[in-house]
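Participant: pasting the sequence and the predicted model now:
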Amino acid sequence: MRKNNFISIFILFSVIYLFSCNKKEIQATVGNTPIKEAIDTKTPADTIYSQSNPSANFGFRFHATKNGKITRLGCRMPEIGTYEVTLWDFDTKNLLANASISITASDDFFYSLITSVAIVANKDYVVSVNNSSGAISKKYFQLFKKQTPATNLYPFTVKDIVIVEPLYKSGATSACPDYNNSSDFPFLRGLSDFEFIAD
């Protein structure tokens, strides 16, 4: 009887240990989602609001300070719909990955797994979202720091990611944004995002 109790207790503790190890492994694989984290910490901006605009690709140039990989693309949008988020090589303008993101609520980011893309430290990339859903231009979010005069947000760093500058390109289909001017620098438009996991 005692032997059976001992075996049962041993099995119980073994199962608990295995589950706790698996939980730690899962937590360790969660990467940096820089734009979500910038909003959650209100750094460098503290105010978010929705804006109307003809169809366009809103994004930003960034680089990582470490080698790693991007495993998910995502965005946060004010209106329910399906939006295209794209990852580009800044130098060649080649498409590296894309994902259709289904937005079911406006108060959070939604992400989709992609085939992981290797990211080289200090090399520039672009991530963007097109604000068209079902061939209809939708509202998008803007992030800025509420103060006068307006403050330049760029560059800013979130963990291993440096956000270099905002970029924009008009059009209802996904294309690598490549334009900005001085009036864009107080804002982060479109709120595309990704998950980065350092090596």
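Facilitator: Cool, the structure landed.

Participant: what segments of the chain are strands?
Facilitator: 47-51, 56-64, 68-75, 81-89, 95-103, 110-119, 125-130, 132-133, 136-137, 140-144, 156-158, 161-170, 187-189, 192-198 (DSSP state E).

Participant: just the ones you listed: most buried one?
Facilitator: For the strands of the chain, the largest average neighbour count (mean count of other C-beta atoms under 10 Å) is found in strand 125-130, namely a mean of 26. From N, CA and C alone the C-beta is placed, and that goes for glycine too.

Participant: just want the angle from it to strand 140-144.
Facilitator: Interaxial angle, strand 125-130 versus strand 140-144 (axes from the mean of the first three to the mean of the last three C-alpha atoms, to 10 degrees): 130 degrees.

Participant: can I get strand 125-130 in PDB, CA atoms only?
Facilitator: Extracted as PDB, the C-alpha positions of strand 125-130 are listed here (Å, rounded to 0.1, in the frame of the first residue of the first chain):
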ATOM      1  CA  TYR A 125      13.600  46.700 -42.900                       C
ATOM      2  CA  VAL A 126      10.100  48.200 -43.300                       C
ATOM      3  CA  VAL A 127       6.800  46.900 -41.900                       C
ATOM      4  CA  SER A 128       3.500  48.400 -43.100                       C
ATOM      5  CA  VAL A 129      -0.200  48.000 -43.100                       C
ATOM      6  CA  ASN A 130      -2.700  49.000 -45.900                       C
END
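
Participant: that strand - contacts with which helices or strands?
Facilitator: On a contact count with 3 or more C-beta pairs under 8 Å, 6 or more residues apart in numbering; DSSP states H and E, strand 125-130 meets strand 56-64, strand 81-89, strand 161-170, strand 192-198.

Participant: what about 10 Å?
Facilitator: Judged by 3 or more C-beta pairs under 10 Å, 6 or more residues apart in numbering; DSSP states H and E, strand 125-130 is in contact with strand 56-64, strand 68-75, strand 81-89, strand 95-103, strand 140-144, strand 161-170, strand 192-198.
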